[in-house]
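Colleague: No sequence on hand, only this structure:
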(Lines give C-alpha, C1' and ligand atoms only; values in the text may rest on other atoms or scores of the structure.)
Protein backbone atom coordinates (compact mmCIF):
# COMPACT_ATOMS: atom_id res chain seq x y z
CA UNK A 1 0.00 0.00 0.00
CA UNK A 2 1.41 3.36 -1.05
CA UNK A 3 1.80 6.41 1.15
CA UNK A 4 -1.00 8.16 -0.75
CA UNK A 5 -3.33 5.20 -0.21
CA UNK A 6 -2.52 5.21 3.51
CA UNK A 7 -3.40 8.89 3.68
CA UNK A 8 -6.73 8.25 1.93
CA UNK A 9 -7.61 5.49 4.36
CA UNK A 10 -6.65 7.74 7.26
CA UNK A 11 -8.83 10.50 5.82
CA UNK A 12 -11.86 8.24 5.62
CA UNK A 13 -11.43 7.19 9.24
CA UNK A 14 -10.74 10.71 10.56
CA UNK A 15 -13.70 12.46 8.95
CA UNK A 16 -16.94 11.07 10.30
CA UNK A 17 -20.12 11.05 8.30
CA UNK A 18 -21.92 13.54 10.51
CA UNK A 19 -18.94 15.86 10.19
CA UNK A 20 -18.94 15.55 6.41
CA UNK A 21 -22.68 16.24 6.21
CA UNK A 22 -22.26 19.24 8.53
CA UNK A 23 -19.41 20.64 6.44
CA UNK A 24 -21.39 20.35 3.19
CA UNK A 25 -24.42 21.91 4.90
CA UNK A 26 -22.34 24.85 6.12
CA UNK A 27 -20.86 25.41 2.66
CA UNK A 28 -24.29 25.34 1.04
CA UNK A 29 -25.50 27.82 3.65
CA UNK A 30 -22.58 30.17 2.99
CA UNK A 31 -23.10 30.03 -0.76
CA UNK A 32 -26.91 30.17 -0.60
CA UNK A 33 -27.11 33.15 1.76
CA UNK A 34 -24.43 35.05 -0.18
CA UNK A 35 -26.00 34.52 -3.60
CA UNK A 36 -29.69 34.80 -2.74
CA UNK A 37 -29.90 37.20 0.20
CA UNK A 38 -26.72 39.27 -0.10
CA UNK A 39 -26.76 39.36 -3.92
CA UNK A 40 -23.02 38.66 -3.95
CA UNK A 41 -20.94 37.53 -6.87
CA UNK A 42 -20.20 33.78 -6.50
CA UNK A 43 -16.45 34.36 -6.11
CA UNK A 44 -16.73 35.62 -2.54
CA UNK A 45 -18.81 32.76 -1.02
CA UNK A 46 -16.62 30.18 -2.78
CA UNK A 47 -13.54 31.86 -1.29
CA UNK A 48 -15.18 31.91 2.16
CA UNK A 49 -16.03 28.22 1.76
CA UNK A 50 -12.37 27.44 1.07
CA UNK A 51 -11.41 29.34 4.23
CA UNK A 52 -14.00 27.31 6.14
CA UNK A 53 -12.49 24.07 4.81
CA UNK A 54 -9.02 25.23 5.88
CA UNK A 55 -10.34 25.89 9.41
CA UNK A 56 -12.06 22.48 9.45
CA UNK A 57 -8.81 20.79 8.42
CA UNK A 58 -6.96 22.61 11.21
CA UNK A 59 -9.64 21.54 13.71
CA UNK A 60 -9.11 17.94 12.62
CA UNK A 61 -5.37 18.47 13.20
CA UNK A 62 -4.53 17.26 9.73
CA UNK A 63 -1.54 18.53 7.73
CA UNK A 64 -1.85 21.59 5.49
CA UNK A 65 -0.44 19.50 2.64
CA UNK A 66 -3.84 17.77 2.27
CA UNK A 67 -5.57 21.08 1.55
CA UNK A 68 -2.82 22.14 -0.81
CA UNK A 69 -2.87 18.82 -2.61
CA UNK A 70 -6.65 19.03 -2.97
CA UNK A 71 -6.42 22.50 -4.51
CA UNK A 72 -3.76 21.39 -6.97
CA UNK A 73 -5.74 18.30 -7.97
CA UNK A 74 -8.92 20.30 -8.39
CA UNK A 75 -7.34 23.01 -10.53
CA UNK A 76 -5.40 20.43 -12.54
CA UNK A 77 -8.65 18.72 -13.52
CA UNK A 78 -9.91 22.04 -14.88
CA UNK A 79 -6.92 23.09 -16.98
CA UNK A 80 -8.56 21.99 -20.24
CA UNK A 81 -11.87 23.79 -19.50
CA UNK A 82 -9.93 26.95 -18.60
CA UNK A 83 -8.04 26.85 -21.90
CA UNK A 84 -11.36 26.27 -23.70
CA UNK A 85 -12.87 29.29 -21.94
CA UNK A 86 -10.00 31.49 -23.12
CA UNK A 87 -10.25 30.12 -26.66
CA UNK A 88 -13.99 30.82 -26.70
CA UNK A 89 -13.27 34.46 -25.80
CA UNK A 90 -10.80 34.70 -28.70
CA UNK A 91 -13.18 32.85 -31.02
CA UNK A 92 -16.04 35.27 -30.32
CA UNK A 93 -13.81 38.32 -30.96
CA UNK A 94 -12.42 36.86 -34.20
CA UNK A 95 -15.84 35.75 -35.43
CA UNK A 96 -17.27 39.20 -34.75
CA UNK A 97 -14.47 40.74 -36.83
CA UNK A 98 -14.89 38.18 -39.64
CA UNK A 99 -18.66 38.63 -39.69
CA UNK A 100 -19.39 35.03 -38.74
CA UNK A 101 -21.58 35.85 -35.74
CA UNK A 102 -23.23 38.92 -37.39
CA UNK A 103 -24.07 36.68 -40.37
CA UNK A 104 -25.52 34.04 -38.03
CA UNK A 105 -27.63 36.78 -36.43
CA UNK A 106 -28.77 38.10 -39.82
CA UNK A 107 -29.65 34.69 -41.28
CA UNK A 108 -31.28 33.49 -38.07
CA UNK A 109 -34.21 35.78 -38.83
CA UNK A 110 -34.90 33.56 -41.82
CA UNK A 111 -35.47 30.45 -39.70
CA UNK A 112 -36.75 31.93 -36.42
CA UNK A 113 -40.38 32.86 -35.97
CA UNK A 114 -40.64 36.25 -34.30
CA UNK A 115 -44.20 35.37 -33.23
CA UNK A 116 -43.06 32.14 -31.58
CA UNK A 117 -39.55 33.26 -30.75
CA UNK A 118 -38.80 31.24 -27.57
CA UNK A 119 -40.09 27.88 -28.91
CA UNK A 120 -38.16 28.46 -32.14
CA UNK A 121 -34.95 29.21 -30.24
CA UNK A 122 -35.41 26.08 -28.11
CA UNK A 123 -35.94 23.78 -31.10
CA UNK A 124 -33.22 25.21 -33.37
CA UNK A 125 -30.66 25.27 -30.53
CA UNK A 126 -31.49 21.65 -29.71
CA UNK A 127 -30.97 20.60 -33.33
CA UNK A 128 -27.64 22.44 -33.56
CA UNK A 129 -26.56 21.01 -30.20
CA UNK A 130 -27.34 17.49 -31.31
CA UNK A 131 -25.37 18.01 -34.53
CA UNK A 132 -22.19 19.31 -32.87
CA UNK A 133 -22.50 17.42 -29.56
CA UNK A 134 -21.33 20.35 -27.44
CA UNK A 135 -23.48 22.72 -25.40
CA UNK A 136 -20.47 25.07 -25.12
CA UNK A 137 -20.05 25.38 -28.88
CA UNK A 138 -23.80 25.74 -29.40
CA UNK A 139 -24.18 28.51 -26.81
CA UNK A 140 -21.10 30.44 -27.96
CA UNK A 141 -22.20 30.52 -31.62
CA UNK A 142 -25.90 30.24 -32.41
CA UNK A 143 -26.71 31.01 -28.77
CA UNK A 144 -25.11 34.46 -28.99
CA UNK A 145 -27.02 35.10 -32.23
CA UNK A 146 -30.33 34.27 -30.55
CA UNK A 147 -29.51 36.43 -27.53
CA UNK A 148 -28.89 39.34 -29.89
CA UNK A 149 -32.15 38.66 -31.72
CA UNK A 150 -33.98 38.49 -28.41
CA UNK A 151 -32.60 41.89 -27.46
CA UNK A 152 -33.58 43.33 -30.84
CA UNK A 153 -37.12 41.99 -30.43
CA UNK A 154 -37.39 43.30 -26.87
CA UNK A 155 -37.67 39.82 -25.35
CA UNK A 156 -36.81 39.08 -21.74
CA UNK A 157 -33.15 38.02 -22.00
CA UNK A 158 -33.46 35.65 -19.02
CA UNK A 159 -36.22 33.77 -20.88
CA UNK A 160 -34.17 33.74 -24.07
CA UNK A 161 -31.13 32.42 -22.21
CA UNK A 162 -33.34 29.75 -20.62
CA UNK A 163 -34.44 28.61 -24.09
CA UNK A 164 -30.83 28.58 -25.36
CA UNK A 165 -29.56 26.61 -22.35
CA UNK A 166 -32.46 24.15 -22.53
CA UNK A 167 -31.93 23.50 -26.23
CA UNK A 168 -28.15 23.29 -25.93
CA UNK A 169 -28.37 20.75 -23.09
CA UNK A 170 -31.03 18.70 -24.87
CA UNK A 171 -28.80 18.49 -27.94
CA UNK A 172 -25.72 17.73 -25.85
CA UNK A 173 -27.53 15.07 -23.81
CA UNK A 174 -28.93 13.22 -26.85
CA UNK A 175 -25.93 13.50 -29.18
CA UNK A 176 -23.59 10.51 -29.71
CA UNK A 177 -20.84 13.11 -30.17
CA UNK A 178 -21.22 14.47 -26.65
CA UNK A 179 -18.44 13.79 -24.15
CA UNK A 180 -20.83 13.54 -21.18
CA UNK A 181 -23.10 11.14 -23.06
CA UNK A 182 -20.14 8.91 -23.86
CA UNK A 183 -18.86 9.23 -20.29
CA UNK A 184 -22.17 8.16 -18.70
CA UNK A 185 -22.47 5.12 -20.95
CA UNK A 186 -18.83 4.17 -20.24
CA UNK A 187 -19.19 4.48 -16.46
CA UNK A 188 -22.23 2.19 -16.51
CA UNK A 189 -20.86 -0.16 -19.18
CA UNK A 190 -23.80 0.44 -21.50
CA UNK A 191 -23.76 0.58 -25.29
CA UNK A 192 -23.76 4.24 -26.32
CA UNK A 193 -26.82 4.06 -28.54
CA UNK A 194 -28.74 1.94 -26.05
CA UNK A 195 -28.00 4.67 -23.50
CA UNK A 196 -29.28 7.36 -25.89
CA UNK A 197 -32.42 5.37 -26.74
CA UNK A 198 -33.19 4.86 -23.07
CA UNK A 199 -32.72 8.57 -22.34
CA UNK A 200 -35.62 9.27 -24.70
CA UNK A 201 -37.91 8.22 -21.83
CA UNK A 202 -36.97 11.47 -20.10
CA UNK A 203 -35.88 13.63 -23.04
CA UNK A 204 -39.09 13.34 -25.08
CA UNK A 205 -41.59 14.30 -22.34
CA UNK A 206 -39.20 16.98 -21.05
CA UNK A 207 -38.89 18.36 -24.59
CA UNK A 208 -42.64 18.62 -25.20
CA UNK A 209 -43.42 20.04 -21.76
CA UNK A 210 -40.63 22.60 -22.22
CA UNK A 211 -41.94 23.47 -25.68
CA UNK A 212 -45.43 24.12 -24.29
CA UNK A 213 -44.00 26.24 -21.47
CA UNK A 214 -41.95 28.32 -23.92
CA UNK A 215 -45.09 28.86 -25.99
CA UNK A 216 -46.96 30.04 -22.91
CA UNK A 217 -44.33 32.42 -21.52
CA UNK A 218 -43.52 33.65 -25.02
CA UNK A 219 -47.07 34.89 -25.41
CA UNK A 220 -46.54 37.23 -22.45
CA UNK A 221 -43.78 39.09 -24.30
CA UNK A 222 -44.38 42.10 -26.53
CA UNK A 223 -42.01 42.10 -29.49
CA UNK A 224 -40.53 45.16 -31.18
CA UNK A 225 -42.16 46.49 -34.34
CA UNK A 226 -40.93 44.98 -37.61
CA UNK A 227 -39.73 48.36 -38.90
CA UNK A 228 -37.38 48.77 -35.93
CA UNK A 229 -36.07 45.23 -36.36
CA UNK A 230 -35.44 45.87 -40.06
CA UNK A 231 -33.55 49.03 -39.14
CA UNK A 232 -31.31 46.97 -36.84
CA UNK A 233 -30.65 44.45 -39.62
CA UNK A 234 -29.83 47.18 -42.13
CA UNK A 235 -27.35 48.73 -39.69
CA UNK A 236 -25.86 45.30 -38.98
CA UNK A 237 -25.47 44.62 -42.69
CA UNK A 238 -23.87 48.00 -43.38
CA UNK A 239 -21.38 48.02 -40.50
CA UNK A 240 -20.25 44.38 -40.32
CA UNK A 241 -19.29 41.66 -42.80
CA UNK A 242 -22.62 39.93 -43.41
CA UNK A 243 -21.87 37.42 -46.16
CA UNK A 244 -22.36 33.71 -46.73
CA UNK A 245 -18.57 33.23 -46.88
CA UNK A 246 -18.39 34.44 -43.26
CA UNK A 247 -20.09 31.16 -42.26
CA UNK A 248 -17.12 29.08 -43.46
CA UNK A 249 -15.43 29.05 -39.99
CA UNK A 250 -18.67 27.88 -38.36
CA UNK A 251 -19.18 25.16 -40.96
CA UNK A 252 -15.56 24.04 -40.53
CA UNK A 253 -15.96 23.78 -36.77
CA UNK A 254 -19.20 21.83 -37.21
CA UNK A 255 -17.53 19.33 -39.53
CA UNK A 256 -14.61 18.84 -37.15
CA UNK A 257 -16.99 18.36 -34.22
CA UNK A 258 -19.00 15.76 -36.14
CA UNK A 259 -15.76 13.94 -36.93
CA UNK A 260 -15.05 13.89 -33.16
CA UNK A 261 -11.90 15.97 -33.33
CA UNK A 262 -10.67 17.25 -29.92
CA UNK A 263 -12.16 20.53 -28.71
CA UNK A 264 -8.99 22.64 -28.61
CA UNK A 265 -7.75 21.84 -32.17
CA UNK A 266 -11.33 22.35 -33.41
CA UNK A 267 -11.55 25.80 -31.83
CA UNK A 268 -8.09 26.74 -33.07
CA UNK A 269 -9.17 25.79 -36.58
CA UNK A 270 -12.27 27.96 -36.20
CA UNK A 271 -10.17 30.89 -34.95
CA UNK A 272 -7.64 30.59 -37.81
CA UNK A 273 -10.42 30.30 -40.41
CA UNK A 274 -12.16 33.36 -38.96
CA UNK A 275 -8.86 35.27 -38.95
CA UNK A 276 -8.30 34.49 -42.65
CA UNK A 277 -11.87 35.44 -43.62
CA UNK A 278 -11.57 38.72 -41.68
CA UNK A 279 -8.32 39.62 -43.46
CA UNK A 280 -9.93 38.91 -46.85
CA UNK A 281 -12.96 41.08 -46.02
CA UNK A 282 -10.89 43.88 -44.44
CA UNK A 283 -8.33 43.85 -47.23
CA UNK A 284 -5.47 44.37 -44.79
CA UNK A 285 -3.48 42.77 -42.01
CA UNK A 286 -3.29 45.19 -39.08
CA UNK A 287 -1.38 43.14 -36.51
CA UNK A 288 -1.48 45.86 -33.83
CA UNK A 289 -5.27 46.03 -34.07
CA UNK A 290 -5.53 42.25 -33.92
CA UNK A 291 -3.49 42.17 -30.72
CA UNK A 292 -6.02 44.50 -29.10
CA UNK A 293 -8.99 42.55 -30.49
CA UNK A 294 -7.73 39.21 -29.19
CA UNK A 295 -6.97 40.68 -25.77
CA UNK A 296 -9.88 43.08 -25.22
CA UNK A 297 -12.45 41.87 -27.72
CA UNK A 298 -14.19 43.20 -30.83
CA UNK A 299 -15.23 46.85 -30.81
CA UNK A 300 -17.39 48.78 -33.25
CA UNK A 301 -19.45 51.97 -33.33
CA UNK A 302 -22.57 51.55 -35.45
CA UNK A 303 -24.39 54.62 -34.22
CA UNK A 304 -26.84 52.36 -32.35
CA UNK A 305 -25.79 52.02 -28.71
CA UNK A 306 -27.88 48.90 -28.09
CA UNK A 307 -26.45 47.15 -31.14
CA UNK A 308 -22.93 48.21 -30.11
CA UNK A 309 -23.39 46.68 -26.65
CA UNK A 310 -24.36 43.38 -28.26
CA UNK A 311 -21.57 43.28 -30.83
CA UNK A 312 -18.72 44.60 -28.67
CA UNK A 313 -17.68 41.42 -26.94
CA UNK A 314 -15.17 38.60 -26.82
CA UNK A 315 -11.45 38.64 -26.13
CA UNK A 316 -9.32 37.00 -23.47
CA UNK A 317 -10.23 39.58 -20.83
CA UNK A 318 -13.96 38.87 -21.26
CA UNK A 319 -13.42 35.37 -19.89
CA UNK A 320 -11.31 36.28 -16.86
CA UNK A 321 -14.38 36.63 -14.61
CA UNK A 322 -15.31 33.07 -15.53
CA UNK A 323 -11.76 31.74 -15.28
CA UNK A 324 -11.20 33.23 -11.80
CA UNK A 325 -14.48 31.77 -10.57
CA UNK A 326 -13.65 28.41 -12.10
CA UNK A 327 -10.26 28.36 -10.36
CA UNK A 328 -11.90 29.02 -6.97
CA UNK A 329 -14.68 26.47 -7.52
CA UNK A 330 -12.27 23.75 -8.66
CA UNK A 331 -10.02 24.47 -5.68
CA UNK A 332 -12.95 24.07 -3.30
CA UNK A 333 -14.04 20.88 -5.01
CA UNK A 334 -10.54 19.45 -4.87
CA UNK A 335 -10.30 20.09 -1.13
CA UNK A 336 -13.73 18.54 -0.50
CA UNK A 337 -12.66 15.46 -2.42
CA UNK A 338 -9.19 15.21 -0.82
CA UNK A 339 -10.61 15.44 2.70
CA UNK A 340 -13.00 12.58 1.82
CA UNK A 341 -16.02 14.74 2.64
CA UNK A 342 -17.86 13.94 -0.59
CA UNK A 343 -17.24 10.19 -0.20
CA UNK A 344 -18.67 10.25 3.31
CA UNK A 345 -21.78 12.19 2.29
CA UNK A 346 -22.48 9.78 -0.58
CA UNK A 347 -21.96 6.87 1.81
CA UNK A 348 -24.51 8.33 4.22
CA UNK A 349 -27.10 8.70 1.45
CA UNK A 350 -26.36 5.32 -0.11
CA UNK A 351 -26.88 3.52 3.21
CA UNK A 352 -30.58 4.46 3.06
CA UNK A 353 -31.15 2.85 -0.35
CA UNK A 354 -33.28 -0.31 -0.22
CA UNK A 355 -35.91 0.16 -2.97
CA UNK A 356 -35.91 1.10 -6.64
CA UNK A 357 -37.54 4.47 -6.03
CA UNK A 358 -35.12 5.37 -3.25
CA UNK A 359 -32.19 4.25 -5.40
CA UNK A 360 -33.18 6.57 -8.25
CA UNK A 361 -33.98 9.43 -5.87
CA UNK A 362 -30.69 9.09 -3.98
CA UNK A 363 -28.72 8.81 -7.25
CA UNK A 364 -30.25 12.01 -8.60
CA UNK A 365 -29.71 13.83 -5.30
CA UNK A 366 -26.12 12.58 -5.05
CA UNK A 367 -25.30 13.74 -8.58
CA UNK A 368 -26.93 17.12 -7.89
CA UNK A 369 -25.09 17.32 -4.57
CA UNK A 370 -21.72 16.72 -6.23
CA UNK A 371 -22.59 19.35 -8.83
CA UNK A 372 -23.39 21.80 -6.04
CA UNK A 373 -20.37 20.85 -3.96
CA UNK A 374 -17.72 20.47 -6.66
CA UNK A 375 -19.24 22.50 -9.49
CA UNK A 376 -18.11 19.77 -11.89
CA UNK A 377 -20.47 17.71 -14.06
CA UNK A 378 -17.91 15.06 -15.01
CA UNK A 379 -17.16 14.14 -11.41
CA UNK A 380 -20.90 14.07 -10.65
CA UNK A 381 -21.27 11.38 -13.32
CA UNK A 382 -18.13 9.39 -12.45
CA UNK A 383 -18.35 9.45 -8.63
CA UNK A 384 -22.11 8.79 -8.50
CA UNK A 385 -21.93 6.06 -11.12
CA UNK A 386 -19.18 4.22 -9.29
CA UNK A 387 -20.94 4.64 -5.94
CA UNK A 388 -24.31 3.22 -7.03
CA UNK A 389 -23.37 0.57 -9.61
CA UNK A 390 -23.50 -2.39 -7.22
CA UNK A 391 -26.70 -1.19 -5.56
CA UNK A 392 -28.50 -1.00 -8.90
CA UNK A 393 -27.26 -4.49 -9.73
CA UNK A 394 -28.56 -5.85 -6.41
CA UNK A 395 -31.95 -4.26 -7.09
CA UNK A 396 -32.13 -5.99 -10.49
CA UNK A 397 -31.76 -2.78 -12.46
CA UNK A 398 -29.82 -2.44 -15.70
CA UNK A 399 -26.84 -0.28 -16.45
CA UNK A 400 -28.94 1.90 -18.75
CA UNK A 401 -31.19 2.80 -15.80
CA UNK A 402 -28.22 4.16 -13.91
CA UNK A 403 -26.74 5.94 -16.93
CA UNK A 404 -30.05 7.69 -17.64
CA UNK A 405 -30.30 8.76 -14.01
CA UNK A 406 -26.72 10.06 -13.99
CA UNK A 407 -27.44 12.32 -16.97
CA UNK A 408 -30.60 13.67 -15.33
CA UNK A 409 -28.90 14.53 -12.04
CA UNK A 410 -25.44 15.31 -13.37
CA UNK A 411 -25.12 16.63 -16.92
CA UNK A 412 -28.21 18.84 -17.19
CA UNK A 413 -27.93 20.33 -13.69
CA UNK A 414 -24.43 21.81 -13.97
CA UNK A 415 -25.57 24.84 -16.06
CA UNK A 416 -27.87 25.76 -13.17
CA UNK A 417 -25.02 26.05 -10.66
CA UNK A 418 -23.72 29.67 -10.60
CA UNK A 419 -20.16 28.47 -9.96
CA UNK A 420 -20.41 25.24 -11.93
CA UNK A 421 -18.19 24.85 -14.99
CA UNK A 422 -21.14 24.93 -17.39
CA UNK A 423 -23.05 27.55 -15.39
CA UNK A 424 -20.07 29.91 -15.36
CA UNK A 425 -19.63 29.45 -19.10
CA UNK A 426 -23.29 30.03 -19.97
CA UNK A 427 -23.53 33.14 -17.82
CA UNK A 428 -20.35 34.60 -19.33
CA UNK A 429 -21.22 33.89 -22.96
CA UNK A 430 -24.93 34.70 -22.84
CA UNK A 431 -24.53 37.69 -20.54
CA UNK A 432 -27.28 36.60 -18.15
CA UNK A 433 -26.67 35.46 -14.53
CA UNK A 434 -27.41 31.81 -13.81
CA UNK A 435 -29.99 32.58 -11.14
CA UNK A 436 -31.83 34.79 -13.65
CA UNK A 437 -32.21 32.17 -16.40
CA UNK A 438 -32.51 29.20 -14.02
CA UNK A 439 -36.35 29.40 -13.69
CA UNK A 440 -36.66 29.31 -17.50
CA UNK A 441 -34.23 26.44 -18.18
CA UNK A 442 -37.26 24.13 -18.26
CA UNK A 443 -35.59 21.12 -19.86
CA UNK A 444 -32.83 21.05 -17.25
CA UNK A 445 -35.34 21.34 -14.40
CA UNK A 446 -37.74 18.72 -15.75
CA UNK A 447 -35.28 15.87 -16.43
CA UNK A 448 -34.49 15.00 -12.78
CA UNK A 449 -38.16 15.34 -11.78
CA UNK A 450 -39.33 12.98 -14.53
CA UNK A 451 -36.56 10.51 -13.72
CA UNK A 452 -37.51 10.42 -10.03
CA UNK A 453 -41.17 9.85 -10.95
CA UNK A 454 -40.14 6.93 -13.15
CA UNK A 455 -38.14 5.48 -10.27
CA UNK A 456 -41.15 5.32 -7.95
CA UNK A 457 -43.77 4.38 -10.58
CA UNK A 458 -41.63 1.84 -12.42
CA UNK A 459 -42.15 3.44 -15.84
CA UNK A 460 -39.14 2.61 -18.07
CA UNK A 461 -37.57 0.71 -15.14
CA UNK A 462 -38.07 -2.87 -16.32
CA UNK A 463 -36.08 -5.48 -14.41
CA UNK A 464 -32.63 -6.38 -15.57
CA UNK A 465 -31.28 -9.83 -16.16
CA UNK A 466 -27.98 -11.61 -15.57
CA UNK A 467 -26.59 -10.36 -18.87
CA UNK A 468 -27.11 -6.76 -17.74
CA UNK A 469 -24.97 -6.98 -14.62
CA UNK A 470 -22.56 -4.16 -14.03
CA UNK A 471 -18.90 -4.74 -14.68
CA UNK A 472 -16.63 -3.44 -11.95
CA UNK A 473 -13.79 -1.85 -13.79
CA UNK A 474 -11.84 1.36 -13.33
CA UNK A 475 -13.22 4.11 -15.56
CA UNK A 476 -10.76 6.48 -17.10
CA UNK A 477 -11.91 10.03 -16.49
CA UNK A 478 -12.61 11.74 -19.78
CA UNK A 479 -11.73 15.32 -20.52
CA UNK A 480 -13.68 18.08 -22.18
CA UNK A 481 -14.41 17.68 -25.84
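Modeller: Perfect, thanks for sending it. These figures come from a predicted structure and were not determined experimentally.
Colleague: contacts, neighbours, all on C-alpha from now
Modeller: Noted.
Colleague: Could you list the low-pLDDT ranges of the protein?
Modeller: 1-13, 131-133, 177, 221-229, 306, 350-351, 462-481 (pLDDT under 70).
Colleague: Could you tell me which residues make contact with the residue positioned nearest the centre of it?
Modeller: Centroid-nearest residue in the chain, with C-alpha atoms, centre = their mean: residue 422, separated by 2.6 Å. Shown in contact with residue 422 (C-alpha atoms under 8 Å, 6 or more residues apart in numbering): 136, 377, 414-416.
Colleague: Show me which of the residues you listed are buried.
Modeller: Neighbour counting with 16 or more other C-alpha atoms under 10 Å marks 136, 377, 414-416 as buried within these.
Colleague: Out of those residues, which sit inside helices?
Modeller: Filtering these for membership in helices, criterion DSSP state H, returns 136, 377.
Colleague: max-length helix in the protein?
Modeller: Under DSSP H, the chain gives helix 192-218 as its longest helix.
Colleague: residues of that one that come out buried?
Modeller: Result for helix 192-218 [16+ other C-alpha under 10 Å]: buried residues 192, 195-196, 198-199, 201-203, 206-207, 210-211, 213-215, 218.
Colleague: Most widely separated two among those residues?
Modeller: 192 and 218 (35.5 Å; C-alpha to C-alpha).
Colleague: wait, residue 370 sits on residue 385?
Modeller: No - in this structure residue 370 lies outside contact range of residue 385 using C-alpha atoms under 8 Å: 11.7 Å.
Colleague: now the helices: where do they sit in the stretch 151-300 of the chain?
Modeller: Taking DSSP state H, counting those that start in this stretch, the helices of the stretch 151-300 of the chain run over residues 157-174, 179-187, 192-218, 226-239, 248-258, 263-282, 287-296.
Colleague: I figured residue 116 was touching residue 216, is that so?
Modeller: No - look at residue 116 against residue 216 with C-alpha under 8 Å: they stay out of range, at 9.7 Å.
Colleague: one step back: the inter-axis angle of the longest helix of the chain versus helix 179-187?
Modeller: 140 degrees (axes from the mean of the first three to the mean of the last three C-alpha atoms, to 10 degrees).
Colleague: Just want the angle from helix 192-218 to helix 157-174.
Modeller: Using the same axes, to 10 degrees: helix 192-218 against helix 157-174 is 160 degrees.
Colleague: which helices and strands sit right next to helix 192-218?
Modeller: Under the contact definition 3 or more C-alpha pairs under 8 Å, 6 or more residues apart in numbering; DSSP states H and E, helix 192-218 sits against helix 117-132, helix 157-174, helix 179-187, helix 399-406, helix 442-457.
Colleague: cutoff 6 Å now
Modeller: Identification of packing neighbours for helix 192-218 by 3 or more C-alpha pairs under 6 Å, 6 or more residues apart in numbering; DSSP states H and E yields helix 117-132, helix 442-457.
Colleague: Tell me how far that helix lies from the chain's centre.
Modeller: 17 Å (C-alpha atoms, centre = their mean, to the nearest Å).
Colleague: do the same with stretch 421-435
Modeller: The chain centre lies 9 Å from the centre of stretch 421-435; the measure is C-alpha atoms, centre = their mean.
Colleague: Could you check it and say which residues are buried?
Modeller: Neighbour count says stretch 421-435 has 421-430, 432-435 buried, by 16+ other C-alpha under 10 Å.
Colleague: Residue 44: which of these is nearest?
Modeller: residue 424 (14.4 Å).
Colleague: related to what we said a few turns ago, mind putting the helices of the stretch 151-300 of the chain into TSV with distance to residue 321?
Modeller: Below are the helices of the stretch 151-300 of the chain laid out as TSV (distance: least, C-alpha to C-alpha, whole Å):
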stretch	distance to residue 321
helix 157-174	19
helix 179-187	25
helix 192-218	30
helix 226-239	28
helix 248-258	26
helix 263-282	21
helix 287-296	13
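Colleague: And those helices: which comes nearest residue 302?
Modeller: Among those, the nearest to residue 302 by C-alpha to C-alpha is helix 226-239 (6.3 Å).
Colleague: quick one: buried residues of that closest one?
Modeller: Neighbour-count burial for helix 226-239, counted by 16+ other C-alpha under 10 Å, picks out 229, 232-233, 236-237.
Colleague: Nearest to residue 25, out of the helices and strands packed on helix 192-218?
Modeller: Residue 25 lies closest to helix 442-457 among the helices and strands packed on helix 192-218, at 21.5 Å (C-alpha to C-alpha).
Colleague: and that closest one, how far from the chain's centre?
Modeller: Centre-to-centre, helix 442-457 and its host chain are 19 Å apart (C-alpha atoms, centre = their mean).
Colleague: just to revisit the earlier point, of the helices and strands packed on helix 192-218, which is nearest residue 55?
Modeller: Nearest to residue 55 among the helices and strands packed on helix 192-218 is helix 442-457; the distance by C-alpha to C-alpha comes to 34.6 Å.
Colleague: And the closest one, what does it pack against?
Modeller: helix 192-218, helix 356-374.
Colleague: and with 10 Å instead?
Modeller: helix 157-174, helix 192-218, helix 356-374, helix 399-406 (3 or more C-alpha pairs under 10 Å, 6 or more residues apart in numbering; DSSP states H and E).
Colleague: quick check: angle from that helix to helix 117-132?
Modeller: With the same axes, to 10 degrees defining the directions, helix 442-457 sits at 80 degrees from helix 117-132.
Colleague: Please find the angle between the direction vectors of helix 442-457 and helix 399-406.
Modeller: 140 degrees.
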